[in-house]
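Q: whatever this is, show me its structure:
(one chain, ligands or ions: 2)
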Amino acid sequence: MITVEEAKKLIKENTLSLTPVILSLNKASEHILAADIYSNFDIPTFRQSSMDGYAIKFEDKEAELILIGEMAAGTQQSITLKKGQASRIFTGAPLPEGADTVVMQEKINRTRNNIKVQDERLSFGINVRAKGSEIKSGELAMNKGTLLSPAAIGFLAGIGITEVEVYPMPKISIILTGNELQKPGLPLNFGQVYESNSYSLSAALQKEGIADIEILTAEDNLQTLTKVIESALKNSDVVLLNGGVSVGDYDFVIKAANACGIEQIFHKVKQKPGKPLFFGKKGNQLIFGLPGNPSSVLSCFYNYVLPAIKMLSNKEHNLIEINAELTHSYKKPAGLTHFLKGQYSNGKATPLNAQESYRLSSFAVANCLICLNQEQEDFEIGENVNILLIPN
Ligand SMILES: Nc1nc2c(c(=O)[nH]1)N[C@H]1C(S)=C(S)[C@@H](COP(=O)(O)OP(=O)(O)OC[C@H]3O[C@@H](n4cnc5c(N)ncnc54)[C@H](O)[C@@H]3O)O[C@H]1N2
Ligand code: MOO
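A: Ligands and ions are numbered 1, 2, ... in the order given. This is a model prediction of the structure:
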């Protein structure tokens, strides 16, 4: 059995980022850019007013000026100012030829067709956005490796970009094993439990912006499970098997994975929950055998699956790990790293009740996993421990 650290290292070593794809900009949110982007235009493409007011020649600021026309945003026709002339202008509109400065409408005196500037602080070129002041044609607009945040998407749209080369989000197959599973909403017969892992995993994946999620089910027999895994491998970058990974007579994941030509990288990690975790590879496809208990599934998801999924999309940032002070003492046997469902606040972490791996009530209100070292048995109040913040 390997340690948590070894398991994390092996996953990292065996995960390559996916081949970049071209996406339309409105589908690219939260992706990582795979190529530099250069601007095709000077933006703005014309000298633009940033205020509602009057366009003038700065040298005319003391004179009474004659209004000769109007420039509204979107106008396709320009006018030319001569000495002693001004034009009405609105925010976003192009400046008339010959104008160099915009006076806010609050800062003029107007009679019918004349204006007089009343702005002591007026300076040359004020309230004018210069051509190319956001970015110049040919200039680097965005570096590859940038995360396409809402603002990044808006910036690219604003310079006329419609498509981007990005690392795709992985396609995921979730495979459910277990004859005891019943769909929520249907009556529970004797011995049945409501299936919840596909719900928690889908929710966690959707939070990461992953939409391509297929959910498959397999009865507890080797033949069916092998076929279902083969089918999942046809479409997916990552296969998340649930349950059937332990040592029971009906646990077929290891044998079925082997029958599908999946290379086992590891099986079993010195941790609680999630000790029987399996990780394998077929080509660049990743296969996780998540121990079926609902809390083990999620604990393994945050510790192992999520970092791998981020690597596939070339995202560097793993989960945030920080130090926190324990608010309670805790005892555990040596030999396994424990991940406790906890509440973190102001530098302190509190282990919650209901830590058993079949229960999700504590996970449902947890905001962190408290990591307790493999070999340590006694943890004191106020002791510093590592915690993993659950993405919110
Ligand atoms: N003799 C041993 N028995 C077990 C060991 C061991 O080392 N020796 N390890 C235990 C640990 S730890 C875990 S974790 C479980 C993992 O078992 P499996 O991965 O084989 O999972 P199953 O037995 O199929 O299911 C476990 C548990 O989870 C429930 N389950 C499964 N899938 C779902 C689902 N989609 N939604 C909700 N609940 C689900 C299932 O009904 C079981 O109660 O093995 C221990 N045994
Ligand atoms: O590790 Mo299992 O996940 O303890 O129940």
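
Q: check contacts around L147.
A: Neighbour list for L147: 30-33, 315 [criterion: C-beta atoms under 8 Å, 6 or more residues apart in numbering]. For glycine as for every other residue, the C-beta is placed from the backbone atoms N, C-alpha and C.

Q: is it bridged to anything, and to what?
A: Under the criterion DSSP bridges, L147 forms beta bridges with I32.

Q: and the gap between the residue of the stretch 51-200 of the chain found nearest ligand 2 and ligand 1?
A: Using C-beta to the nearest ligand atom, the single residue of the stretch 51-200 of the chain nearest to ligand 2 is N197, 12.1 Å away. Counting by C-beta to the nearest ligand atom, to the nearest Å, the gap from N197 to ligand 1 is 3 Å.

Q: which ones are touching that residue?
A: N197 touches 174, 176, 242-243, 290, 292, 294, 297, counting by C-beta under 8 Å, 6+ apart.

Q: where does the prediction get shaky in the protein?
A: Filtered on pLDDT under 70, the chain yields no residues whatsoever.

Q: please enumerate the helices of it.
A: 4-13, 150-158, 197-207, 222-235, 253-259, 294-300, 306-312 (DSSP state H).

Q: and of these, who's closest to G335?
A: For G335, the closest of the helices of the chain is helix 4-13, at 12.2 Å, according to C-beta to C-beta.

Q: does that closest one come close to ligand 2?
A: No. In terms of C-beta under 6 Å from any ligand atom, no part of helix 4-13 sits within range of ligand 2; the closest distance is 12.4 Å.

Q: check which helices and strands that helix sits against.
A: Secondary-structure packing of helix 4-13 (3 or more C-beta pairs under 8 Å, 6 or more residues apart in numbering; DSSP states H and E): strand 263-267, strand 278-282, helix 306-312.

Q: now tabulate those in TSV and tack on distance to ligand 2 and mean neighbour count.
A: Below are the helices and strands packed on helix 4-13 laid out as TSV (distance: least, C-beta to the nearest ligand atom, whole Å; neighbours: other C-beta atoms under 10 Å):
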stretch	distance to ligand 2	mean neighbour count
strand 263-267	13	15
strand 278-282	13	21
helix 306-312	17	20
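
Q: so which of the contacts of L147 is the closest to K144?
A: Of all those, K144 sits closest to L33, with 5.1 Å by C-beta to C-beta.

Q: give the burial count for that closest one, as a bare number.
A: The tally of other residues near L33 (other C-beta atoms under 10 Å) stands at 22.

Q: going forward, count from 39.
A: With the count now opening at 39, the last piece we talked about shows up as L71.

Q: what distance do you get for it to V343?
A: Distance of L71 to V343, given as C-beta to C-beta, to the nearest Å: 24 Å.

Q: about what we covered before: most packed of the helices of the chain?
A: Of these, the one with the most neighbours on average (mean count of other C-beta atoms under 10 Å) is helix 332-338, at a mean of 26.

Q: what's the spacing between that helix and its chain's center?
A: Between the centre of helix 332-338 and the centre of its chain there are 21 Å (C-alpha atoms, centre = their mean, to the nearest Å).

Q: for burial, what's the neighbour tally of D289?
A: 21.

Q: please apply the same query to F96.
A: Neighbourhood size, F96 [other C-beta under 10 Å]: 15.

Q: how's the chain carved up into domains?
A: Recorded structural domains for the chain (assignment: automatic domain parsing) are 42-57+207-350, 59-81+171-205, 86-167, 359-427.

Q: which bits of the stretch 289-430 of the chain sit near ligand 1?
A: 289, 311, 313-314, 329-332, 334, 395-396.

Q: where does the closest residue to R126 other than its chain neighbours sit relative to I117, distance-wise?
A: Leaving aside its chain neighbours, R126 sits nearest to E108 (4.2 Å; criterion: C-beta to C-beta, 6 or more residues apart in numbering). Here E108 is placed at a distance of 8 Å from I117 (C-beta to C-beta).

Q: neighbour-wise, which of those two wins?
A: I117 (18 against 15).

Q: that one and S125 touch, don't they?
A: Yes. I117 is in contact with S125 according to C-beta atoms under 8 Å; the separation is 6.1 Å.

Q: what do those two both touch?
A: 106-107, 109, 134.

Q: as TSV, the residues you listed with distance to I428 would be great.
A: Output for those, formatted as TSV (distance: C-beta to C-beta, whole Å):
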residue	distance to I428
I106	64
G107	61
M109	54
P134	58
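
Q: counting neighbours, which of those residues comes out on top?
A: P134 (24 neighbours).

Q: so that residue makes contact with T113?
A: No. When contacts are counted by C-beta under 8 Å, P134 is not listed as touching T113 (10.1 Å).
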